[in-house]
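Enquirer: Fold the following for me, if possible:
(2 chains)
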Number of protein chains: 2
Amino acid sequence: ARPRVGYYYNGRSGNTLVARAISKLRVKDIKSLPVVARETASVYDAVVTMFTEDVGTLSVVDGDGYLSGVVSRKDLLKIAISGGDVHKMPVGMVMTRMPNIITVTPDDTVYLAAKRLITHQIDALPVVRTFVQPNGQERLEVVGRLTKTNITRFFVELGNDEL
Amino acid sequence: ARPRVGYYYNGRSGNTLVARAISKLRVKDIKSLPVVARETASVYDAVVTMFTEDVGTLSVVDGDGYLSGVVSRKDLLKIAISGGDVHKMPVGMVMTRMPNIITVTPDDTVYLAAKRLITHQIDALPVVRTFVQPNGQERLEVVGRLTKTNITRFFVELGNDEL
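Expert: Numbering: from 1, shown residues only, chains lettered A, B, ... in the order given. From the prediction side, this is the model:
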């Protein structure tokens, strides 16, 4: 007969699934669609994109469509409140510029992404794929974004499913 | 002898701790300090407070110090970009006002808080205690804030400790 002391592991326990979900989940499993602005777009247009798409951070791309910067609601608020001409100023002037940008790849773990969000005190990470140009230069294509909202939603799903 | 088939529960397994942490953790265990503005403060001053304290949402209090509203970076960006006079406009004019405010108490679970953040599409919740006035009216005292950052940090701690 089976021992009745304690709890007997059967391979499908909720607890195990929780731990597995945290350690195994990849960025590609929970990432959101990318929302981008051109470097040459005005600060005003970037704010409009942010409101239209309901996001707090935009990836900024250069003329070839590769990642050149990141701009947050905080960056834009700082400019808007300081009375600059938001219709004339390009977003390229106020963004955080490459290579000072923290990113993740689709195959990174969500745990690594969460650690980067906390360590670097940011709200969102561009999810990128690296392309090596014929001249050997690396360029980043934006394929998504990973935010504290994704982490919080995942946290809620863990609770829904397993408890 | 102990059965060697599978995994035998001993009451201190990492998986169990993860599940327990998610289900048992209370808002008071991970909340941040409250950051408040007076209703009569200007939009400009509210933005300055936000940058000084490095938060994305402020609880707004009335003359008696009780919660009367909440204002987010998004609310302030909308006003700042629209060209209003941010030095003259009081934050009380642009905030979300009671009773349309989603809150939690210190004894609510973090899971409930996370669910409210996702359901209501907000970044932060005021943590409140209820006071009943002599006339029977309920007022809310702000004792903290619970944000997606708190949830993400907790998620990272789960990963650090248990995996």
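
Enquirer: Show me where chain A has its strands.
Expert: Using DSSP state E, the strands found in chain A span residues A:36-38, A:57-61, A:67-72, A:96-97, A:124-132, A:138-147.

Enquirer: Any chance of TSV for the ones you listed, columns mean neighbour count?
Expert: Where you see a C-beta, it was placed from the backbone N, CA and C, and this is true even at glycine. Output for those, formatted as TSV (neighbours: other Cβ atoms under 10 Å in any protein chain shown):
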stretch	mean neighbour count
strand A:36-38	19
strand A:57-61	25
strand A:67-72	22
strand A:96-97	14
strand A:124-132	19
strand A:138-147	20
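
Enquirer: closest to chain B out of the ones you listed?
Expert: strand A:138-147 (8.1 Å; Cβ to the nearest Cβ).

Enquirer: so what secondary structure elements neighbour the closest one?
Expert: Counting contacts by 3 or more Cβ pairs under 8 Å, 6 or more residues apart in numbering or on different chains; DSSP states H and E, strand A:138-147 packs against helix A:27-30, strand A:57-61, strand A:67-72, helix A:110-119, strand A:124-132.

Enquirer: before we move on, the earlier item: which one of the strands of chain A lies nearest to B:P106?
Expert: Checking the strands of chain A against B:P106 by Cβ to Cβ gives strand A:138-147 as the closest, at 26.4 Å.

Enquirer: For that closest one, give me every contacting residue.
Expert: A:27-28, A:30-36, A:55-57, A:59, A:61, A:64-67, A:98, A:103-104, A:106, A:110, A:113, A:117, A:123-133 (Cβ atoms under 8 Å, 6 or more residues apart in numbering or on different chains).

Enquirer: One more: stretch A:70-88?
Expert: A:37, A:42-44, A:46-47, A:50, A:56-60, A:89, A:91, A:94-96, A:101, A:122-124, A:126, B:44, B:47, B:50-51, B:56, B:73-74, B:76-77, B:80-81, B:86.

Enquirer: Now do the same contact list for A:T57.
Expert: A:V70, A:V71, A:S72, A:R73, A:I122, A:D123, A:A124, A:R145, A:T147 are the contacts of A:T57 under Cβ under 8 Å, 6+ apart.

Enquirer: any idea how far it is from A:L125?
Expert: 9 Å (Cβ to Cβ, to the nearest Å).

Enquirer: May I have the phi/psi pair for A:N100?
Expert: phi -80, psi 40 (degrees, to the nearest 10).

Enquirer: Quick check: pLDDT value at it.
Expert: Note for A:N100: predicted pLDDT of 93.

Enquirer: number of nearby residues for it?
Expert: 8 (other Cβ atoms under 10 Å in any protein chain shown).

Enquirer: do the one 3 residues further on as well
Expert: Under the neighbour criterion other Cβ under 10 Å, A:T103 is assigned a count of 21.
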